[in-house]
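Q: Below are the sequence and a predicted model; questions follow.
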Protein chains: 2
Amino acid sequence: MDDISPIRAKSGTNQEGTSAHNRRVMIEALRLNGALSRADLARATQLTKQAVSNIIEDLESDGLVIALEAVRKGRGQPSTPYRLVPEGAFAIGLQIDRHLTRAVAVDLVGSVLARAEANLPFDEPSKGVEVILGLVGGVRRELSQMSAQSEERLVGLGVAMPGPFGLKNSDDKWMMPAWQKFPLLETLAEGTGLNVSLQNDAAACATAERIVGAAHGVDHAVCLYVGYGIGAGLILNGELYSGGYGNAGEIGMALLSPAGPGSTPLEHRASLASLYQHLGLNPADDDIYQQMNGLVAAEDPKIIAWIDGAAHDLRWSVHLIETIFDPQTVILTSGAPEALARRLVEAMHPLLPSIADRPERNLPRLQLGTTDPWSIALGAAAAPISRAFDPLFSAILKTRSRGA
Amino acid sequence: MDDISPIRAKSGTNQEGTSAHNRRVMIEALRLNGALSRADLARATQLTKQAVSNIIEDLESDGLVIALEAVRKGRGQPSTPYRLVPEGAFAIGLQIDRHLTRAVAVDLVGSVLARAEANLPFDEPSKGVEVILGLVGGVRRELSQMSAQSEERLVGLGVAMPGPFGLKNSDDKWMMPAWQKFPLLETLAEGTGLNVSLQNDAAACATAERIVGAAHGVDHAVCLYVGYGIGAGLILNGELYSGGYGNAGEIGMALLSPAGPGSTPLEHRASLASLYQHLGLNPADDDIYQQMNGLVAAEDPKIIAWIDGAAHDLRWSVHLIETIFDPQTVILTSGAPEALARRLVEAMHPLLPSIADRPERNLPRLQLGTTDPWSIALGAAAAPISRAFDPLFSAILKTRSRGA
DNA sequence: CTAATTAAGTCAAGCGAATTGACTTAATAG
DNA sequence: CTATTAAGTCAATTCGCTTGACTTAATTAG
């Protein structure tokens, strides 16, 4: 089952790896800077003009970049800027949550082109998969009507669902136990014919912030996601970090004090689930979002009390995150209505002192990220895009040929 | 001062990057597996036999690897294993602490070949640098008597000192304020002619555990260092993570509860400084180590009380670390005598439940790492070795040519 | 208006590191 | 003794980046 040889080693690389890396570097540069000429790219990437020219030519013929009008800027031959072609690649993203599932189709630059949602049977994964495959099929058809080449340009299916994954069987009903055991990825891969990847919802949120949000181009950011549960998506050295077993950032289970097993996990105090409980709301209600919005607008004392309590714990979470990661910024995202999230961020100020409290900052210590309920699905879809086009260490390595 | 162009992009690569990466992969494979034949290396790294042969030939002529006796193992031509040559490279490591400074010289495989220590004037960096340069010169001379080529094979000087670095000027006397302002790296670079790099002491401890300790070959490990202060060295994806501004892992400043600025930082409860204070010991005493050892051996009630208190907080720190990083293992290292550290680890059990509490673990959740007081200096020295020989993403990138 | 300058981008040859496939060497199994 | 298996070499090839000269097209100086 495992490798025959117990030899531990990283994989080597060759010119293919070089070329793949350089292509990815170009794409990232265009993503971060909008439009660049070949000369700009050569300077930025340290490659020669000629190498850049060849790569750009390739990318152009692959339909990933396109030339804009030449621009005159001072002396010398005018330069021809290039930009990414959004229709150069597509991915499907899937958010699977407790009572709900959403699918989106996005393009190379992270625009959402199609979306669909449905209710999900909480404890019946095999039925749920039918629903999910239906949604995926739907956005996929919609996508193919927008672009003739969508199918061959589809790089994968990214799935986001609440973690943690792969623990001992737990009956904690917050954790969707039935889904934890179900061979979801295999089933989806077979049902769609796509490459399938999995991340937890907080990681997906971070991925979303990275492709189109506040973490765009930021190499060290932590994305606090306050959803039904709470988690942190970690962007370290420009890549999503998922830990030794894929569960990094699952801070919902962090105990709030050293007092032992009896102490409360963060998730029970600062999550929408705790809010619903506090307010006596039913998360399965269709108008839960409007209910929350209304309560915030009305400055309902109970919701204000919850905000203060949650802010108290979140303020400290930010302190810990800053102390541990020393990130450039912390981004709070939420599935709650924007007004609520904004109140929460305001209530978290003033922040606790920490090493992040330094003079020459250029990003805020804490900022409000997206509150779009679709951003998890977007982040899910962004993962395959990132894997296919971002400059990653793993992308230069030779891939292990499928051994028998 | 800064880049002229505001274009953000990663650097590209070329055949030099490929070659550098492959060399590093070979070296790492030999480091992790002891001795491997060319055929083994080819299988492990996915390179062709021929490529491996060429690289090994190069490494051999560079004096970094050497052939062992051919071994017969079943059918086929006997294989010739290669191993690293310890004398293939050297580095100097420097620990600068509050009252003390240590220098070591290590070789390619992390063996300490020379060591020296001296007292350090706490608040007079300019005098201190004289002392430090003296120590470095000493181990360097000692080294050159052991190996004729030591000078040209010296890859750098690694410095470890208590962080955090680069904050607002603080008068916290735990933080060696005078040293924070002093242009230490520049002075040392000039004084030694070596490449100088800096990390905090916990990071150095993690680096040490990685090259010769419990984290050898482990890609996701967190090293808790209980020294005068307390910190965490983070090994993520096989590389040391140092955060956006170099201060990741400085958990000594983490507040122990969400109760606000008045709450206690971890460092004030679980660090040797807190122990000294608790016991009324003077950390500048020469026999402080023996004093602690004696108290532990005598089961002194005050030290037992401290152990229980510190273990309480450390247990929770491990819980948080596991919840946030999902590492393969947590390693506790300390500058305290081994008996004390062992008692501390024992007192931390049973550990708090966390996502690390999974069935199919192959490493312990918490293990005792080194308690050798010289390991910080060793880790400091290991940093330049790692930078020069480990397969790092940054090592494949083209280096920016020095612009005017 | 002309010439000099500056910068973008191309052309064609060259280079270097991994690949390929045949070959050699040297052991064991039968 | 022969077939088989595996390590390792040889020589030619490939592929992507580099090099340096060249072309194109703009602005600036006189």
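A: Nice, thanks for sending it over. Residues are numbered from 1 along each chain as shown, chains lettered A, B, ... in the order given.
Q: How far off centre is the helix or strand of chain A with the lowest mean pLDDT?
A: Across the helices and strands of chain A, mean confidence by mean pLDDT, DSSP states H and E is lowest for helix A:177-181: a mean of 73. Using C-alpha atoms, centre = their mean, to the nearest Å, the mean C-alpha position of helix A:177-181 is found 22 Å from that of the whole chain.
Q: Beyond that helix, next helix or strand please.
A: Next helix or strand after helix A:177-181 toward the C-terminus (DSSP states H and E): helix A:184-192.
Q: List the neighbouring strands of the helix or strand just after that following helix plus their orientation.
A: Per DSSP H and E, the first helix or strand lying C-terminal to helix A:184-192 is strand A:196-200. The strands beside strand A:196-200 in its sheet (DSSP bridges) come out as strand A:154-161 (parallel).
Q: what about residue A:69, neighbour count?
A: 7 (other C-beta atoms under 10 Å in any protein chain shown). (C-beta placed from N, C-alpha, C; glycine too.)
Q: Next up, the contacts around it.
A: By C-beta atoms under 8 Å, 6 or more residues apart in numbering or on different chains, the residues touching residue A:69 are A:80, A:81.
Q: any idea how far it is from residue A:42?
A: For residue A:69, the distance to residue A:42 equals 20 Å [C-beta to C-beta, to the nearest Å].
Q: Name the spans of the stretch 51-200 of chain A whose pLDDT lies under the cut-off.
A: A:168-177 (pLDDT under 70).
Q: Now do the contacts for the closest residue to residue A:364 other than its chain neighbours.
A: Spatially, and ignoring its direct neighbours in sequence, residue A:364 is nearest to residue A:329 (6.2 Å; C-beta to C-beta, 6 or more residues apart in numbering or on different chains). By C-beta under 8 Å, 6+ apart, the contact set of residue A:329 is A:214, A:215, A:218, A:221, A:363, A:364, A:365, A:366, A:367.
Q: Type out the PyMOL command that picks the buried ones from these.
A: Only the buried entries of the contacts of residue A:329 go into this PyMOL selection, using 16 or more other C-beta atoms under 10 Å in any protein chain shown:
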select buried, chain A and resi 214+215+218+221+363+365+366+367
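Q: DNA strand C versus residue A:139, what's the distance?
A: From residue A:139 across to DNA strand C, the span is 37 Å (C-beta to the nearest atom of the strand, to the nearest Å).
Q: ok, that residue - contacts?
A: Neighbours of residue A:139 in contact, by C-beta under 8 Å, 6+ apart: A:92, A:103, A:104, A:105, A:114, A:115, A:116.
Q: Of the residues you listed, which is the nearest to DNA strand D?
A: Of all the contacts of residue A:139, DNA strand D sits closest to residue A:92, with 29.1 Å by C-beta to the nearest atom of the strand.
Q: count of residues packed around the residue lying closest to the closest one once chain neighbours are set aside?
A: Using C-beta to C-beta, 6+ apart and skipping residues adjacent in sequence, the residue nearest residue A:92 is residue A:157, 4.7 Å away. For residue A:157, the neighbour count with other C-beta under 10 Å is 27.
Q: and residue A:157, bridged to which residues?
A: residue A:92, residue A:196.
Q: Does it touch residue A:191 like I think?
A: No. Residue A:157 is not in contact with residue A:191 according to C-beta atoms under 8 Å; the separation is 9.7 Å.
Q: got the buried residues for stretch A:16-33?
A: A:17-31, A:33.
Q: Kindly report the same for stretch A:92-108.
A: For stretch A:92-108, by 16+ other C-beta under 10 Å, it's A:92-98, A:100-108.
Q: ok, now stretch A:120-137?
A: A:120, A:122, A:125, A:128, A:129, A:131, A:132, A:133, A:135, A:136.
Q: how about the lengthiest helix in chain A, does it get close to chain B?
A: Identified as the longest helix of chain A according to DSSP state H is helix A:301-325. Yes. Using C-beta under 8 Å from any C-beta of the partner chain, helix A:301-325 reaches chain B at A:312, A:313, A:315, A:316, A:319, A:320, A:321, A:323, A:324, A:325.
Q: Next, the residue nearest to residue A:364: phi, psi?
A: Phi and psi for residue A:329, reported as degrees, to the nearest 10, are phi -160, psi 160.
Q: Is it bridged to anything, and to what?
A: The partner list for residue A:329 in beta bridges (DSSP bridges) reads residue A:221.
Q: quick revisit: relative to residue B:270, which of the buried residues of stretch A:120-137 is nearest.
A: Nearest to residue B:270, judged by C-beta to C-beta, of the buried residues of stretch A:120-137 is residue A:122 at 42.3 Å.
Q: First-to-last residue distance for stretch A:292-311?
A: Between the opening and closing residues of stretch A:292-311 there is a gap of 17 Å (C-alpha to C-alpha, to the nearest Å).
Q: What residues does the stretch 251-400 of chain A have near DNA strand C?
A: residue A:398 (C-beta under 7 Å from any atom of the strand).
Q: hang on, the earlier thing: can you lay out the contacts of residue A:329 as JSON lines showing secondary structure, pLDDT and distance to residue B:197?
A: Shown next, in JSON lines, are the contacts of residue A:329 (DSSP: H, G, I helix; E, B strand; the rest coil; pLDDT from 0 to 100; distance: C-beta to C-beta, whole Å):
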{"residue": "A:214", "secondary structure": "coil", "pLDDT": "96", "distance to residue B:197": "31"}
{"residue": "A:215", "secondary structure": "coil", "pLDDT": "96", "distance to residue B:197": "28"}
{"residue": "A:218", "secondary structure": "coil", "pLDDT": "96", "distance to residue B:197": "24"}
{"residue": "A:221", "secondary structure": "strand", "pLDDT": "98", "distance to residue B:197": "25"}
{"residue": "A:363", "secondary structure": "coil", "pLDDT": "96", "distance to residue B:197": "26"}
{"residue": "A:364", "secondary structure": "coil", "pLDDT": "97", "distance to residue B:197": "30"}
{"residue": "A:365", "secondary structure": "coil", "pLDDT": "98", "distance to residue B:197": "27"}
{"residue": "A:366", "secondary structure": "strand", "pLDDT": "98", "distance to residue B:197": "31"}
{"residue": "A:367", "secondary structure": "strand", "pLDDT": "97", "distance to residue B:197": "32"}
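Q: quick one on the thing from earlier: and the residue nearest to residue A:364, how far from residue A:224?
A: 11 Å.
Q: likewise residue A:292?
A: Distance, residue A:292 to residue A:224, by C-beta to C-beta: 18 Å.
Q: Run through the residues that contact residue A:135.
A: A:94, A:101, A:102, A:103, A:116, A:117, A:118.
Q: pLDDT on stretch A:236-250, on average?
A: Averaged across stretch A:236-250, pLDDT comes to 96.
Q: Dump stretch A:199-207 to PDB, restricted to CA.
A: The C-alpha coordinates for stretch A:199-207 follow below in PDB (Å, rounded to 0.1, in the frame of the first residue of the first chain):
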ATOM      1  CA  GLN A 199     -10.200  21.900   2.600                       C
ATOM      2  CA  ASN A 200     -12.000  23.100   5.700                       C
ATOM      3  CA  ASP A 201     -14.300  26.100   5.400                       C
ATOM      4  CA  ALA A 202     -11.900  28.500   7.100                       C
ATOM      5  CA  ALA A 203      -9.100  27.600   4.700                       C
ATOM      6  CA  ALA A 204     -11.500  28.100   1.800                       C
ATOM      7  CA  CYS A 205     -12.300  31.500   3.200                       C
ATOM      8  CA  ALA A 206      -8.600  32.300   3.300                       C
ATOM      9  CA  THR A 207      -8.200  31.100  -0.200                       C
END
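Q: what comes up buried for that stretch?
A: A:199, A:200, A:201, A:202, A:203, A:204, A:205, A:206, A:207.
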